[in-house]
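Asker: Quick one, what's the 3D model for this:
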Amino acid sequence: KFYNSQKKCVRDTIPAFPKFCNKNTMDRQMNLFYKNFLTESNPVFLLLLFAFQIHQTSANAATPLVSHTADYTLTMDKNTQDSAVQDVRGKISFKFLAQCDGWSLTEDYIFQFLYDTGDEVSIFSHSESWEDISGKLYSFDVREQSSYEPENIYTGFASLPPIGEVAEANYVGAYNESRILPEDTLFPVAYTRAIINAAEKGEKFKSKRIFVNSTPDDSIKTASAAIGKRKPYTSNFKSNGVTTTHFWPVDVAYFKDGATEATPEYQIKMDLHENGVVTDFLINYGEFTIKAAISDANLIENEDCGK
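Answerer: Below is the predicted model of the structure:
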């Protein structure tokens, strides 16, 4: 896989890589979803990075640092009268591994959308990512396809100083180019470190610019998290070592970099457990909202790092 084959390469040196129209409401909403969800592997990919890389971000965390798998069932939560999307169903499966030199996440998902015209659109994606333990290197490998768009494949990596001379992301495949990143850019683990530290201190808000494995022109987002008070977990779903007795309600709004509008591109409300697991979350696109509920989860034995 890309992130496994390139880990040593991006640690040792930074290779130099060579440098649709909205026809109707259905197209507009699918363009919005496809742009923000599929081409970025977001918000679900960001959510999973946010949630499951927390396991390794705090050396002083009271809960064990665990690798695990999890499955989510996806359904329509609600839609507005203006929404062409009438129903949503799907599934996300992922595997999170804590490695000695970083963290890896493998994710597969399928979505099916039913429109008021009777049309049904399916979206499929497979993605893999790896982040170096220093928080300065990040690689990604994405394959995505839908009945709305042809297959799209791209890989790449991003680096921050002092690993590279400048903050930069490099792409190959569908996007064979590079982009300079803002100097204050954070990768997902660094952002989760900021969020979990804020929650542990009782802080209520944390906003940062983050890199996402999106298209070059849309790879930087401003993520603003509102953190609620710790609550007891009372759901019927229990998985030994994965779910915990309490969680934080966290609401993260994602804005395009440099945006001046008060309304985010999309918003995620999640139940974030003390060990980093998210059991339920809502993805709000304005005209429709997707609900995700955890349906299965299992621990994986961590890699022995000789410590």
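Asker: Low-confidence regions, the stretch 51-200 of the chain specifically.
Answerer: The stretch 51-200 of the chain contains residues with pLDDT under 70 at 51-66.
Asker: how about the helices in the stretch 101-250 of the chain?
Answerer: Remark: helices assigned in the stretch 101-250 of the chain by DSSP state H, counting those that start in this stretch are 188-200.
Asker: give me every residue that touches the residue nearest to residue 154 when sequence neighbours are not counted.
Answerer: Among residues not flanking residue 154 along the chain, residue 173 sits closest, at 3.7 Å (CB to CB, 6 or more residues apart in numbering). For every residue, glycine as well, the C-beta is placed using N, CA and C. By CB atoms under 8 Å, 6 or more residues apart in numbering, the contact set of residue 173 is 153, 154, 155, 156.
Asker: Please determine how far the first one is located from residue 106.
Answerer: It stands for residue 153. Per CB to CB, to the nearest Å, residue 153 is found 16 Å from residue 106.
Asker: Neighbours of residue 168, how many?
Answerer: Residues lying near residue 168 (other CB atoms under 10 Å) number 19.
Asker: contacting residues around it?
Answerer: Applying CB under 8 Å, 6+ apart, we find residue 168 in contact with 14, 158, 159, 178, 179, 180, 181.
Asker: Looks like the third one contacts residue 139 (just checking).
Answerer: The one in question is residue 159. No: if you go by CB atoms under 8 Å, residue 159 and residue 139 don't touch, sitting 9.6 Å apart.
Asker: The two - which one has more neighbours?
Answerer: Counted by other CB under 10 Å, residue 159 and residue 139 do not tie: residue 139 has more neighbours, with 27 against 23.
Asker: Who does the more buried one form a beta bridge with?
Answerer: Beta-bridge partners for residue 139, by DSSP bridges, are residue 130, residue 157.
Asker: for stretch 150-162, the distance to its chain's centre please.
Answerer: Remark: stretch 150-162 is offset 14 Å from the chain centroid, using CA atoms, centre = their mean, to the nearest Å.
Asker: Which pair of the contacts of residue 168 spans the longest distance?
Answerer: Within the contacts of residue 168, 14 and 179 form the most distant pair, 14.1 Å apart (CB to CB).
Asker: what mean pLDDT does stretch 222-242 have?
Answerer: For stretch 222-242, mean pLDDT rounds to 86.
Asker: and the end-to-end length of it?
Answerer: Terminal residues of stretch 222-242 are spaced 29 Å apart (CA to CA, to the nearest Å).
Asker: Pull out the buried positions in that stretch.
Answerer: In terms of neighbour count (16 or more other CB atoms under 10 Å), stretch 222-242 has its buried residues at 222, 223, 224, 225, 227, 233, 242.
Asker: Report the contact partners of the closest residue to the second one other than its chain neighbours.
Answerer: Meaning residue 223. Nearest non-adjacent residue to residue 223, counting by CB to CB, 6+ apart: residue 210, 5.2 Å away. Contacts for residue 210 (CB under 8 Å, 6+ apart) come out as 46, 185, 186, 187, 188, 191, 220, 221, 222, 223.
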